[in-house]
Each structure stands twice: as structure tokens, then as C-alpha cells.
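Asks: What shape does this take:
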Amino acid sequence: MMAEYLLFATERYALPILAPLAQALHASGQSVSAWFTDGAAGASLPGVPDVGLQQALALRPRALFSAANWVPPFIAGAKVQVFHGFNVQKRDSARGHFRVRGLFDLYCTQGPATTAPFRELAEREGHFAVAETGWPKLDPLFLDDAGASAALRAPAQGRPVILFGSTFTERLSAAPHLFEQIAADIGGGAHYWLLTLHPKCPPELFARYRALAGPNAAFIEPEQVMAAQRAADVLVSDTSSIVSEFVVQHKPVVTFRNRVPQPHMIDFDDPSQLPAMLARALHPEPALMAEIRRYADDIHPWRDGRSSERVIAATEDFLAGEMGVLKRKPFGAWTRGLQIRKDLGYWGPSRR
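Replies: Below you'll find the model as predicted:
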């Protein structure tokens with residue numbers, strides 16, 4: 001059977017991004033398969049068949065949704081970028097969130113803060129279209145999750161729930177610096193902690209944080225992170241995309257040495273200040289909440305849990321020609337395509 005759509009990912013953290021999209025495709029009666037490679041190899045989504053390169057070529061999907069920063073250009077169908085995170089300014093725009101590699105036909109943006117820059121780029125470059133849809137990963141934050149978040153919160157027994165999530169980027173990660181303070185707070189028992197780390201963090205760091213699990217803390221796997229965000233009252237993090245995800249719920253965030261501190265964050269640089277930062281986050285002043293709402297509405301105003309449906313609708317509009325005629329891809333896309341072929345070991349014809 002021909003697959004209508006193909007999901008593509010290179011890292012395990014892409015699964016919570018693509019899962020709501022797969023569910024929306026199934027709900028609309030569409031056929032969907034998934035091709036996971038590199039760091040996502042071996043991963044799977046419930047009810048979605050896994051395919052390899054040769055199967056992906058044979059499927060000839062209508063569209064390929066990518067939660068990576070690249071996509072194989074020789075697979076059939078429209079190449080749709082759904083992003084693997086928010087723009088958290090880990091690096092400059094030319095190398096980060098707004099880098100255009102010439103591989104995608106349609107960018108499905110998260111909110112005004114992302115849409116405006118990409119529309120400017122689209123007008124200048126002419127070889128891709130842009131639609132503001134919201135981000136599929138956040139759909140579960142605003143929909144019934146069948147008790148998953150309640151189950152994570154239940155062991156707290158009425159105590160405030162603190163979620164800790166850290167980036168893997170060594171120079172930006174809070175995990176090595178805050179371990180002792182988090183361990184001490186867990187030992188005190190006044191709060192209940194949900195602990196998670198980026199899948200690329202060192203194994204020894206995972207081992208240390210997993211060892212904190214007990215009556216006052218639980219370790220959360222990547223597939224549980226969205227439910228954990230719903231369950232938590234406050235997030236402790238650093239310069240991680242999870243900061244923006246959490247803020248969209250209009251909840252306070254405490255950040256350790258954020259690369260670009262902003263008014264919606266409670267940022268600090270001395271680990272010993274963690275207890276005071278938690279106290280402030282659990283009793284946020286009105287000015288802070290106003291900044292949180294302002295920022296949240298700029299990056300992701302969609303709070304209906306239907307971003308996946310909008311991504312599908314935008315893709316269909318693109319396929320129907322309702323977004324105009326695109327220019328040919330730049331020469332750089334051709335050279336990147338050759339590198340992708342080399343990396344994947346495929347030198348056969350492109351599929352259209």
C-alpha cells in the first residue's frame with residue numbers, strides 16, 4: 001500500500017514532536033510510516049510502521065515531515081520542516097534556527113517570533129513557502145492525556161512539583177552544576193521532583209540523576225516529557241528548548257546561566273541560590289507572569305492542541321498549489337544532497 005505521508009527523524013527527542021502528527025494523520029484516515037535513522041534508529045511510534053531507506057523510496061509519500069534540520073532530497077513528496085525545537089539562541093541566526101539549507105519546500109512555523117523571520121527569508125529566497133501552524137509537539141499540553149500527567153503528579157501528594165530538564169551542550173548545561181543543590185532539595189522532601197536530561201547527555205550524568213529517584217523524585221524518559229511538563233508547577237533548566245515549551249503553559253521557569261536571559265525567566269548564576277529561585281517561582285509576582293504571557297503568545301499563541309491538524313492542512317494547501325510557484329532550489333542544496341547520498345550510501349535516482 002502506498003503511504004500518504006512519511007515521518008523522518010534523526011534523534012530520539014523527535015518522537016514527541018512526530019507522535020501527535022502521526023495521531024492526527026491516523027484520525028483523518030491517512031496512511032503514515034516512519035523512517036528513523038542515526039540517533040533515532042530503533043525508535044518507534046505506536047501504530048506507525050517503521051521503514052528503511054529502500055522502503056521509504058518505494059513508498060513515494062505525498063509529503064515527508066522532518067523533525068531534523070535536514071531531509072533526504074531524493075525521497076518523493078513535499079519536504080516539510082516541523083522543527084526539533086524553539087529558537088533559544090544557542091548560536092547566531094546564520095547557524096541556528098533560521099538557517100536555510102535549501103532542502104525544504106514548506107516551513108511550518110510555531111508562532112509570530114518564528115513566522116516573521118522565515119517569511120522574510122522566503123520572500124528573499126523564493127524556493128520555499130511558510131505557514132504558521134503551531135508546533136505539533138505541544139498539542140498534548142492542551143489536550144486530554146488520558147491521565148499520564150496526573151499519574152506523574154500523584155506521588156507528590158500535594159507538594160509542589162518541580163521539573164528539571166537540561167541541555168546536552170556542555171558549556172550551557174546546568175546538570176553538572178546544580179546536581180548537589182537538587183539532591184539536597186530532594187532530600188529535604190518539601191518538593192517533588194521530575195528529573196530528565198537531553199538524550200545526548202553523558203551516560204555518567206544520567207546515572208547520577210537516575211540515582212536520585214525515590215519517594216521525593218522520579219526520573220523521566222524522553223517519551224514522558226510532555227506529560228511531565230503538564231504535571232509540573234515550575235521548571236528548572238538552562239539554555240534548553242524546554243524552557244520555551246514550558247512557558248507556553250504560562251508557568252514560571254528558573255534558568256541557570258541562560259545564554260540570553262530574558263524578562264520571562266528567573267535567571268541565576270550561583271548554584272547556592274536555587275532555593276531562593278524556587279521560592280520566587282512558586283509565588284510569582286504579577287510583573288513576571290505578564291512577561292511570561294507576553295513571551296508565550298509571541299512564540300506559540302496556539303493553545304487549542306490542534307497544531308498537527310494545521311500542519312496537515314498547510315501541507316495539503318501547498319500540494320494543491322495554493323502557496324504559489326517556488327523557484328528552483330539553490331546550488332547549495334544540490335551539494336548538500338550529494339553529501340546526504342554519501343552518508344546514506346544511496347546513489348540511485350531521485351523519486352518525485
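Asks: C-alpha only now, for contacts and for neighbours.
Replies: Fine.
Asks: Count the neighbours of Phe268 for me.
Replies: 17 (other C-alpha atoms under 10 Å).
Asks: Sorry, slip of the keys, the one I care about is Ala183.
Replies: Ala183: 17 surrounding residues under other C-alpha under 10 Å.
Asks: domain ranges for the protein?
Replies: The chain breaks down by automatic domain parsing into domains covering 5-140+305-344, 152-299.
Asks: looking at these, which has the lowest confidence?
Replies: Of all these, the minimum mean pLDDT falls on domain 5-140+305-344 (a mean of 91).
Asks: What's the end-to-end length of it?
Replies: 21 Å (C-alpha to C-alpha, to the nearest Å).
Asks: can you give me the helices for the chain?
Replies: Secondary structure of the chain by DSSP state H: the helices cover 15-27, 53-59, 112-125, 148-153, 175-188, 203-210, 225-231, 242-247, 274-282, 286-299, 307-319, 331-344.
Asks: Looking at the ones you listed, which is nearest to Leu163?
Replies: helix 225-231 (7.1 Å; C-alpha to C-alpha).
Asks: if we can go back for a sec, want to throw the domains of the chain into TSV with distance to Ala146?
Replies: Below are these laid out as TSV (distance: least, C-alpha to C-alpha, whole Å):
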stretch	distance to Ala146
domain 5-140+305-344	10
domain 152-299	10
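Asks: Val161 against Asp233, yeah?
Replies: Yes: in this structure, Val161 is within contact of Asp233 by C-alpha atoms under 8 Å, at 5.4 Å.
Asks: Would you mind telling me which of the two has the busier surroundings?
Replies: Using other C-alpha under 10 Å as the criterion, Val161 and Asp233 rank with Val161 on top: 27 against 19.
Asks: residues contacting that one?
Replies: Arg153, His191, Tyr192, Trp193, Leu194, Ala231, Ala232, Asp233, Val234 (C-alpha atoms under 8 Å, 6 or more residues apart in numbering).
Asks: 6 Å instead?
Replies: By C-alpha atoms under 6 Å, 6 or more residues apart in numbering, Val161 lies in contact with His191, Tyr192, Trp193, Ala232, Asp233.
Asks: Same question for Leu235.
Replies: Taking C-alpha under 6 Å, 6+ apart, one finds Ile162, Leu163, Phe164, Val253 in contact with Leu235.
Asks: Would you list the buried entries among the residues you listed?
Replies: Buried members of these, counted by 16 or more other C-alpha atoms under 10 Å: Ile162, Leu163, Phe164, Val253.
Asks: Next one: the last one from Asp185, what distance?
Replies: Between Val253 and Asp185 the distance is 17 Å, computed by C-alpha to C-alpha.
Asks: try Arg208
Replies: Arg208 sits 15 Å away from Asp185, taking C-alpha to C-alpha as the criterion.
Asks: who's more crowded, these two?
Replies: Higher neighbour count among Arg208 and Asp185: Asp185, with 17 against 14, using other C-alpha under 10 Å.
Asks: Of the contacts of Val161 - the most surrounded one?
Replies: Greatest neighbour count in those, by other C-alpha under 10 Å, goes to Trp193: 32 neighbours.
Asks: show me the contacts for that one.
Replies: Val161, Ile162, Leu163, Ala217.
Asks: Just give me the neighbour total for Arg336.
Replies: A count of nearby residues for Arg336, using other C-alpha under 10 Å, gives 18.
Asks: For Val225, see how far away it is.
Replies: Arg336 is 33 Å from Val225, by C-alpha to C-alpha.
Asks: same check, this time on Leu288
Replies: To Val225, Leu288 is 25 Å away according to C-alpha to C-alpha.
Asks: same thing with Phe256?
Replies: 20 Å.
Asks: Show me which of those two is the more surrounded one.
Replies: Each of Phe256 and Val225 has its neighbours counted (other C-alpha under 10 Å); Phe256 has more, 28 against 21.
Asks: Not counting its neighbours along the chain, what's nearest that one?
Replies: Nearest in space to Phe256, with sequence neighbours left out and distances taken as C-alpha to C-alpha, 6 or more residues apart in numbering, is Asp238 at 4.7 Å.
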